[in-house]
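In: Sequence first, then the predicted structure:
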Amino acid sequence: MIATLAAAIAALSIAVLPNPVLTAARKTADQDFQLPVERFVLPNGLVVLLSADPGLSSVVVEMSFRAGTIYEPPGRRGLAHLVEHVLMRGTGPDTAYIKMLEARGARDVSATTTFGELTYRTTVPPEELPLAIWVNADRIGHLPSTIAAEALERHKKVVLQERAERAVDAHYGLVDLALYKTLFPEPHPLSAAVIGTPDELNQVTVADVQGFAQRYLVPANAVLVIAGSFDPAVARRLVEQAFAGMAGGSRAKAPEVPKAEAAEISVTAKERISRRPRVTMAWRLKPMLHESVDRLALGALLLSLYTDGAFGTNVDAELSNHASELLFRLDVTLPHLKPADSARGEAEVFLRYLTLVQMPQDLLDATNLAEDRLSLFQLDSLPTRAALLSSMERSGSDPTQVASVLAAHWTYDSTSIQETARRFLGKHRTTLLAEPTNPRRPKIDREFR
């Protein structure tokens with residue numbers, strides 16, 4: 001969660017703040033976060049970011065699209081995630097991308113779908129960069145036209161099994177689905193989260209998959225990041241050879257979706273697996289100035305770091321971007337011995353730490369130091385380095401100015417964080433109580449007390 005928050009601060013920033021405040025607490029300098037980044041755009045609209053680091057022994061190729069859940073058509077919830085699966089593995093021997101890459105030494109061959117983006121990523125030895133680039137080009141230029149009904153049905157079964165494992169059989173999985181259904185009532189595309197519903201997934205046709213891919217998985221709607229050990233001139237030539245002759249399509253605009261009603265909603269859902277009650281407070285927020293976004297994100301990190309574990313209670317706060325709006329979420333999980341009806345009151349107490357309590361400077365300094373450490377860890381890993389550059393490009397930040405973006409959090413004081421939180425985190429929110437159906441302590445816990 002904390003790593004996610006660190007990435008969110010960079011991903012949600014849409015401008016660079018100059019001259020970060022210099023304080024005695026700061027142990028880093030801007031150059032500690034500097035990355036060499038070359039940005040260019042092909043005639044078909046593909047944005048390419050090259051970050052060469054010859055001291056490394058591998059290279060990451062990441063291609064992301066503005067093609068997440070928010071872009072799904074009505075009646076096809078879960079389509080974006082299903083498309084991710086279909087185009088990840090291919091449909092036959094000629095498009096068995098994973099086997100092809102792994103046979104040539106690739107690792108971390110992965111794909112993810114979020115509310116806003118669909119991403120493919122692989123890490124390969126430097127000599128296999130041509131193959132990694134070719135796979136990404138072939139995936140969008142050739143594969144959609146070869147999809148067969150039989151292959152699609154196999155992928156549906158895999159996705160439905162994934163839904164069973166990650167939602168139905170997971171702690172708070174069904175509760176989270178209930179939260180999204182309440183937060184984003186139908187026909188909002190996020191009402192079933194990323195995973196979708198079995199009924200609508202089973203209705204997806206080959207034409208649906210092809211139409212989604214042909215509309216959204218196109219060069220003009222994509223960001224290609226290459227980071228690691230490679231020659232930028234060679235990489236640029238390979239990218240141009242693979243993508244330059246491809247039709248660009250068009251960049252996707254954030255879709256018009258049903259807006260949030262100004263209301264305070266409180267619901268309860270049964271939790272079948274976890275024995276601990278949890279209350280979630282969530283606010284749907286309109287797009288706002290980047291300073292407000294950064295302050296809320298920093299406040300979420302501060303709240304998570306310095307209230308988590310208090311009185312045996314776990315606290316997680318997060319600010320995320322859903323293409324057309326923002327979502328601030330606060331999860332408070334109580335010890336299993338506490339009565340569930342006290343959860344809402346405890347969540348209110350933790351929220352007040354952010355909206356009403358003046359944070360001391362040493363606490364804010366400690367949060368900023370933690371944020372710097374997280375950023376350094378992010379830059380040390382090639383996959384997260386590529387993800388950072390991609391998210392900056394999609395959000396409108398300048399990916400060639402990584403250092404300025406990652407240092408911007410030092411410019412905010414505790415008063416501005418508190419005022420921003422109080423302004424946006426008001427009573428118009430959704431509160432969901434996860435009430436365990438079996439709240440007793442686990443047997444092993446009882447026996448060892």
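Out: Perfect, thanks for sending it. Numbering: from 1, shown residues only.

In: which residues in the stretch 101-250 of the chain form strands?
Out: Under the criterion DSSP state E, counting those that start in this stretch, the stretch 101-250 of the chain contains strands at 107-113, 118-124, 222-228.

In: right, so of these, which gets closest to Met281?
Out: With C-beta to C-beta, the closest approach to Met281 among the strands of the stretch 101-250 of the chain belongs to strand 107-113: 25.6 Å. C-beta coordinates here come from the backbone N, C-alpha and C atoms, glycine included.

In: And that closest one, what's buried?
Out: Neighbour-count burial for strand 107-113, counted by 16 or more other C-beta atoms under 10 Å, picks out Val109, Ala111, Thr113.

In: pLDDT of stretch 223-240, averaged?
Out: Mean pLDDT, stretch 223-240: 98.

In: what distance separates that stretch from the middle of the whole chain?
Out: Relative to its chain's centre, stretch 223-240 lies at 24 Å (C-alpha atoms, centre = their mean, to the nearest Å).

In: and it, which residues are buried?
Out: Val223, Leu224, Val225, Ile226, Ala227, Gly228, Ser229, Phe230, Ala235, Arg236, Leu238, Val239.

In: What are the contacting residues of it?
Out: For stretch 223-240, contacts defined as C-beta atoms under 8 Å, 6 or more residues apart in numbering pick out 38, 40, 42, 46-65, 123, 126, 129-130, 133, 136, 243, 382, 385-386, 389-390, 393-394.

In: Any quick PyMOL command for the buried ones out of those?
Out: To isolate the buried ones among the contacts of stretch 223-240 in PyMOL, judged by 16+ other C-beta under 10 Å, type:
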select buried, resi 38+42+46+47+48+49+50+51+52+58+59+60+61+62+63+64+65+123+129+133+136+243+382+385+386+389+390+393+394
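
In: what residue is smack in the middle of the protein?
Out: Thr114 (5.7 Å; C-alpha atoms, centre = their mean).

In: The closest residue to that one other than its chain neighbours: neighbour count?
Out: Spatial nearest neighbour of Thr114, excluding adjacent residues (C-beta to C-beta, 6 or more residues apart in numbering): Gly68 at 5.0 Å. The local packing of Gly68 (other C-beta atoms under 10 Å) involves 26 other residues.

In: Which pLDDT does the model give the residue lying closest to Lys270 once chain neighbours are set aside?
Out: Using C-beta to C-beta, 6+ apart and skipping residues adjacent in sequence, the residue nearest Lys270 is Thr437, 5.3 Å away. On the pLDDT scale, Thr437 is placed at 91.

In: Same question for Thr146.
Out: Listed pLDDT for Thr146 reads 88.

In: State the number of residues packed around it.
Out: 13.

In: so it makes contact with Thr95?
Out: Yes: the criterion here is C-beta atoms under 8 Å, and Thr146 meets it with Thr95 at 6.7 Å.

In: picking that back up, residues contacting the residue nearest to Thr114?
Out: If you count contacts by C-beta under 8 Å, 6+ apart, Gly68 has them with Ala80, Thr113, Thr114, Phe115, Gly116, Glu117, Leu118, Val194, Ala323.

In: shouldn't Ala148 be in contact with Val206?
Out: Yes: in this structure, Ala148 is within contact of Val206 by C-beta under 8 Å, at 7.3 Å.

In: Which one's more surrounded, the two?
Out: More crowded of Ala148 and Val206, by other C-beta under 10 Å: Val206, with 16 against 11.

In: Who are the packing partners of the longest helix belonging to the chain?
Out: Secondary structure assigned by DSSP state H gives helix 361-380 as the longest helix of the chain. Packing partners of helix 361-380 (3 or more C-beta pairs under 8 Å, 6 or more residues apart in numbering; DSSP states H and E): helix 2-12, helix 290-307, helix 382-395, helix 402-407, helix 414-424.

In: Please report the distance of the residue nearest to the centre of the chain from Val86.
Out: Using C-beta to C-beta, to the nearest Å, Thr114 is found at 17 Å from Val86.

In: Now do the strand or helix carrying Ala347 against helix 290-307, angle only.
Out: According to DSSP states H and E, Ala347 maps onto helix 343-355. Helix 343-355 runs at 120 degrees relative to helix 290-307, counting by axes from the mean of the first three to the mean of the last three C-alpha atoms, to 10 degrees.

In: Alpha carbons of helix 343-355, as PDB, please.
Out: C-alpha atoms of helix 343-355 as PDB (Å, rounded to 0.1, in the frame of the first residue of the first chain):
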ATOM      1  CA  ALA A 343     -15.600   0.700  13.800                       C
ATOM      2  CA  ARG A 344     -17.200   3.800  12.400                       C
ATOM      3  CA  GLY A 345     -16.400   5.800  15.500                       C
ATOM      4  CA  GLU A 346     -12.700   4.700  15.400                       C
ATOM      5  CA  ALA A 347     -12.500   5.500  11.700                       C
ATOM      6  CA  GLU A 348     -13.800   9.000  12.500                       C
ATOM      7  CA  VAL A 349     -11.000   9.400  15.100                       C
ATOM      8  CA  PHE A 350      -8.300   8.500  12.600                       C
ATOM      9  CA  LEU A 351      -9.700  10.800  10.000                       C
ATOM     10  CA  ARG A 352      -9.500  13.700  12.400                       C
ATOM     11  CA  TYR A 353      -5.800  13.200  12.600                       C
ATOM     12  CA  LEU A 354      -5.700  14.300   9.000                       C
ATOM     13  CA  THR A 355      -8.400  17.000   8.900                       C
END
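
In: just checking, what packs against that helix?
Out: Judged by 3+ C-beta pairs under 8 Å, 6+ apart, helix 343-355 is in contact with strand 278-285, helix 290-307, strand 326-333, helix 414-424, strand 430-436.

In: For Ser342, which of these is the nearest?
Out: When these are compared for distance to Ser342 using C-beta to C-beta, the nearest one is strand 278-285, at 9.3 Å.

In: Quick check: mean pLDDT of the closest one?
Out: On average, strand 278-285 scores 95.
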